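In: next come a sequence and a model predicted from it.
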Amino acid sequence: MKKNIWHSLPLHPELHFGQYIVPNFVSNSICIRVTEHEFILISPGMPLLVEFKSQFLGSGINDNIKIHIIIPNSFHYMGVSAWQKAFPNTQLYASQLAIPRLIEKSVIQSGHDILALQSTQPPWPQGYSVLFPPGHRAGDVWVRKQESSKACMWITCDSFLNYERLSNQPIARFMQRALSAAPGLKISQVIKWFILKDKKVFKAWVLQQLERDKPNVLIPGHGEINVNPNLKSELKKLVLARL
């Protein structure tokens, strides 16, 4: 799949995803169109900015565009400043747990410049909502789109990986093997060792959420999109085996 452009997702006309490489790994950004001039972006990457303007705005003036940026945890902020500079009318969101570190890293100037998703939401299209998986050290935010009792899309940041193959870059390939991060649907050792502070709490929660939502589409923070009628059972098997 071509990198640095925005791809459509079948059956979800309001949503596009863009893929870029940082560093040596496939990363995903999500664009959800609210209106002609208003967008929700999740973990927007700087390499996707030029193509966003070309693909969605044409010759439009940036000052007329409203951007809502969701920072899905306290580590996924690298492209945010570039998007803020490009679009003056930008609002940032993150979880309450992530905000202190984002301030510390100078992603934002003060606590008043970012909104906690627990209290304030962007204008989601119908069916969208946010989840706050417990047991996460980094203050993860998941986004879901519930279509029916048997169809749900999960956007899950770092909790799951789905690289179709091992990297061609030797160091990256070594890291993927050592951390059990590829190929296929994975929970990396990095998540187990550094991101999760309470594996038991997270495990119980995600197993319950799987039964409730029955996801059939997964958009991870890194790797390929997984559209799969058996996704729920495969994620359950993975969680039981790895946590």
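Out: That came in fine, so what should we check first?

In: quick check: L185 touching Y163?
Out: No - between L185 and Y163 there is no contact, the gap being 9.2 Å when judged by CB atoms under 8 Å. Yep, even glycine has a C-beta here, placed from its N, CA and C like the rest.

In: check which helix or strand the residue nearest to the spatial centre of the chain maps to.
Out: Residue closest to the mean C-alpha point of the chain, counted by CA atoms, centre = their mean, is C157 at 3.8 Å. Assigned by DSSP states H and E, C157 falls within strand 151-163.

In: if I pick L185, what's in contact with it?
Out: 160-162, 218, 226, 234-235, 238 (CB atoms under 8 Å, 6 or more residues apart in numbering).

In: most neighbours among the residues you listed, please name it.
Out: Neighbour counts for the contacts of L185 (other CB atoms under 10 Å) peak at L161, which has 26 neighbours.

In: end to end on stretch 97-117, go ahead and measure it.
Out: One end of stretch 97-117 to the other measures 10 Å (CA to CA, to the nearest Å).

In: number of nearby residues for G18?
Out: Around G18 there are 25 residues (other CB under 10 Å).

In: how close does the residue nearest to it when sequence neighbours are not counted sit to R144?
Out: Excluding its sequence neighbours, the residue lying closest to G18 (CB to CB, 6 or more residues apart in numbering) is L48, at 4.1 Å. From L48 over to R144 the distance is 22 Å, taken as CB to CB, to the nearest Å.

In: would you map the strands across this protein?
Out: Using DSSP state E, the strands of the chain run over 6-9, 12-21, 26-35, 38-42, 66-70, 90-94, 114-116, 128-131, 142-148, 151-163, 184-186, 217-223, 226-227.

In: parallel or antiparallel, list what pairs with the second one.
Out: In other words, strand 12-21. Counting by DSSP bridges, the strands paired with strand 12-21 are strand 6-9 (antiparallel), strand 26-35 (antiparallel).

In: contacts for it next, please.
Out: Contacts for strand 12-21 (CB under 8 Å, 6+ apart): 1-9, 26-34, 45, 47-48, 51-52, 55, 125, 145, 153, 217, 219, 225.

In: pLDDT weak spots in the chain?
Out: 1-3, 23-24, 59-61, 108-112, 166-167, 170-176, 178-182 (pLDDT under 70).

In: that older thread, and the strands paired with strand 12-21, which is most packed in?
Out: strand 26-35 (a mean of 20; mean count of other CB atoms under 10 Å).

In: what does it contact?
Out: 3, 6, 14-21, 39-45, 48, 52, 56, 68, 79, 122-125, 128, 143, 155, 163, 219-225.

In: thinking again about what came up before, so how many other residues sit close to the residue nearest to G18?
Out: 27.

In: right, and it touches H7 too?
Out: No - in this structure, L48 is not within contact of H7 by CB under 8 Å, at 10.8 Å.

In: what's across from L185 in the sheet?
Out: Beta-bridge partners of L185, as defined by DSSP bridges: N162.

In: mind listing what's buried in the longest helix along the chain?
Out: Ranked by number of residues, the top helix in the chain under DSSP state H is helix 199-213. Neighbour-count burial for helix 199-213 flags 202-203, 205-206, 209-210, 213 (criterion: 16 or more other CB atoms under 10 Å).

In: report the separation between the residue nearest to L240 when sequence neighbours are not counted and R242.
Out: Closest residue in space to L240, ignoring its immediate chain neighbours: L207 at 7.7 Å, by CB to CB, 6+ apart. Noted for L207: a distance of 12 Å to R242, by CB to CB.
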